[in-house]
Each structure stands twice: as C-alpha cells, then as structure tokens.
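Colleague: After the sequence you'll find the predicted model.
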Amino acid sequence: MSRSQDPHPPRSFFPFGNPFRMISPKGSRMSPQLLAVLQDFEATLAERLKKLMPKSKDEILTLSWMTLAMKSLCESHNDIRTLITALELPVSDWEDKWIDVYLDISTKLLDICNAFTSELSRLDLGNLPLKCALHNLDSASSKQYLRACSLLDDWRQHVNSRNPRIEKCCSILDNLVGSLDLPKVKNSAKGKVLMQAMYGVKVETVFVCRVFTAAFSGSSKKLSDLNVADIHSWAPAFRSLQNLVNEEIRVRFSGGKFTVLNELEAVDILVKTLYPTIQGGVDTVETESLVKTVEELRTATEKLSQGIDLLAKGVDGFFKVVFTSRDTLLTPMRFDKTVNDRVPGRNIDQQVVH
C-alpha cells in the first residue's frame, strides 16, 4: 500500500463533539434498543482493555504484549466497522465536516502504522550483525573473535540510533489529542451511538500508539495520561491499564535503561557480557563460560527476531483494518454521489466529493 504523506491541516483526534454531552442528547434521544447496542459495545471494550492488563510488570512491553495490544486495536476498529453497518446510518446523516475529519484521522493512523513498520524493519535489520557475530564465534580463533567484536559494535551503534519517522509520529499523536471541543452530533440518535463508541476506540488507540512511540523513541516524554470520565463503563479498566503501563515505563527510563523493550534489553545485557570476554582474543577466553553466553545470546536473538516478526504482522494487520474502515465509509458515499449525479438539476456544490 502506498505510504502517503499527510496533506491535511492539523485536526484533533476527537472530531465528533464532547462525548459527555451524548448521555442526554437534546436533539434526539436514544431508544432502548440503541442504548443496549452502545452498552454492549462499551462492555466489550472494557473486557478487551482488561485482557491487556499484564499479570506482572515483567510482561509490560514484551513484544508479545505489544502484539496483543495491536490485536486489541484491530478488534476494536473492526467492531466500529461492524457497528456502522449494523446501525444502517444513512450517508445523509454524516455531515461533511465529520467525514473530512474522519478521513484525516485515518490518514494519520496509517502514517503512524508506517512509522512503526519502519522502526520494526530497522530493529530486524540490526539482527544481521548479531547473527554474523555468533557465526564468527563458532570458530575459536583470535581473528574471528575480533571480527565478532566489530560486529557487536555495529549492532550497538545501530540499536542506539533513532528513527526520524518515530519522531514525526510523536508530533502526529500530539496533534490527534489536541482537543475534545469539536462539532456536535445533531438530530441523529444513531450518530450519537456511533460517535460515543468511536470515542472509546480512539482513546484506546491513542494510548497504545503513545506506548509504542515511547518504547521506540527511548523516551518516557512521549507518554501522555488521558483523562476519561466515569460515565463510560470502560473507564475504570482503561485507567488501571494506563496507570500501570505508563508508570512502569517511566520507572524503567528513569533507571537509565536505553530501551524498555524486554527482548531487546535481554540481548543488550548478553552483548555487554560477551564483548569483554572475547575482546582479548582466544587466549584469554574461558571456554565453558563463553559457550554458555554464546548460546544464551543465540536464543535471545532468535526470540527477538521472532517477536519483531509477529509484531510487524500485527501492525500490518492494523494498517489493513484502518484502510478497510475508510472504504466502509467511502463506499456508500460514492454510491450516494452517483445517485445524486443522476438527479436532474442537482447543484454540484451540494454534492459530497472526496
């Protein structure tokens, strides 16, 4: 898929009005059936957030947890797409400004996915010098050991460098969480259900993307603590998750760690152990200790490689979900435009063109 640049002006991530106004809408009241649909949606979101709660702090920011978080986002965004279809919300109920902002938001999410994919590809590329170093250590010679040291140096320089696309991702997220004071939903009970459901999914999305960005950028400054009112049934689960994860990330960075990614840190610790062992050449090496460290590094490198691969697939899956959701919205719009184009006397200024 093409990696488009963001052509739109800055907008907020919550374009559909203050969600707290939706509890007692003035223009149209939710029927018991619509209220039940919303309650079911929010209950599912709450359970999904609870599943992301790590059993221990050691599970926070493992690649497997990050993959689970991406899977959760895919499920939540798929639920929104299903909700749009189930509500049978007419295109005429979507104001032009909602559609414009929604498409702008999804473009930004696609850009964020591209940035994450770029970083995962960069980390995966770093595994190459590691694997070459391990191959050199299969031979007990000073020349091979020195070559392995050089390769380990290459790896450390590579993983300590920063990806400018992640820095851009930070500014995109700052833009997305800028404000909640945006257009209201007018005279559509179905629209209010949809917008309140989307609010919950967007909060989850911002949280996960912030956590990923902090982990990839090597800075807890990229985190943010989102405030969610108790009127949302999923709010307690979200706050518990956000507090635990954000606090642990801040603690790790304050301790001077160069990364908060567990698998990457495990490799780094072993590289730091191995490097001085082989730096003096074969004559200074304790064979039994070396063999043990090399095997541990080989295992950790493979675990890192597999974790990166699974997470990359998860990010790609989220990219496809966001892209498909855009299409779900645009398809009826295109149909509506086609029908209107065939109506004699239709003013072109009244048509929705995207």
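Modeller: Alright, I've got the coordinates.
Colleague: which stretches of the stretch 101-250 of the chain have low pLDDT?
Modeller: 101, 178-187 (pLDDT under 70).
Colleague: hmm, try it at 80
Modeller: 101-102, 139-140, 176-188, 191, 222 (pLDDT under 80).
Colleague: where exactly do the helices run in it?
Modeller: Assigned by DSSP state H, counting those that start in this stretch, the stretch 101-250 of the chain shows helices spanning 142-160, 164-176, 189-217, 235-254.
Colleague: which helices and strands sit right next to the last one?
Modeller: Which is helix 235-254. helix 32-51, helix 189-217 (3 or more CB pairs under 8 Å, 6 or more residues apart in numbering; DSSP states H and E). Where C-beta positions appear, they are placed from N, C-alpha and C, glycine not excepted.
Colleague: distance between the longest one and the chain's centre?
Modeller: Between the mean C-alpha location of helix 189-217 and the chain-wide mean there is a distance of 10 Å, by CA atoms, centre = their mean, to the nearest Å.
Colleague: the inter-axis angle of it versus helix 164-176?
Modeller: Counting by axes from the mean of the first three to the mean of the last three CA atoms, to 10 degrees, helix 189-217 points 150 degrees away from the direction of helix 164-176.
Colleague: Also the shortest one?
Modeller: On the basis of the same axes, to 10 degrees, helix 32-51 is oriented at 140 degrees to helix 164-176.
Colleague: ok, now which ones touch the residue nearest the centre of the chain?
Modeller: The residue lying closest to the centre of the chain (CA atoms, centre = their mean) is Cys209, at 3.6 Å. Contact analysis of Cys209 by CB atoms under 8 Å, 6 or more residues apart in numbering lists Ile112, Cys169, Leu173.
Colleague: Could you rerun that using 7 Å?
Modeller: By CB atoms under 7 Å, 6 or more residues apart in numbering, the contact list for Cys209 reads Ile112, Leu173.
Colleague: what's the spacing between it and Lys202?
Modeller: 10 Å (CB to CB, to the nearest Å).
Colleague: Arg81 too?
Modeller: Going from Arg81 to Lys202 by CB to CB gives 14 Å.
Colleague: Tell me which of these two has more neighbours.
Modeller: Applying other CB atoms under 10 Å to Arg81 and Lys202 shows that Lys202 carries more neighbours, namely 23 against 17.
Colleague: Which of the three states applies to Leu61?
Modeller: Classification of Leu61 using DSSP: H, G, I helix; E, B strand; the rest coil returns coil.
Colleague: Settle this for me: it is touching Val260, isn't it.
Modeller: Yes - counting by CB atoms under 7 Å, Leu61 touches Val260, with 5.0 Å between them.
Colleague: list the residues that contact both of the two?
Modeller: Counting by CB under 7 Å, 6+ apart, the common neighbours of Leu61 and Val260 are Ala215, Ile249.
Colleague: Other residues contacting stretch 245-258?
Modeller: With CB under 7 Å, 6+ apart, stretch 245-258 has contacts from 57, 60-61, 160, 211, 214, 218-220, 223, 225, 260, 265, 268.
Colleague: Repeat the analysis, applying 10 Å as the threshold.
Modeller: 52-54, 57-61, 65, 69, 156, 159-160, 207-208, 210-211, 214-215, 218-226, 259-262, 264-265, 268 (CB atoms under 10 Å, 6 or more residues apart in numbering).
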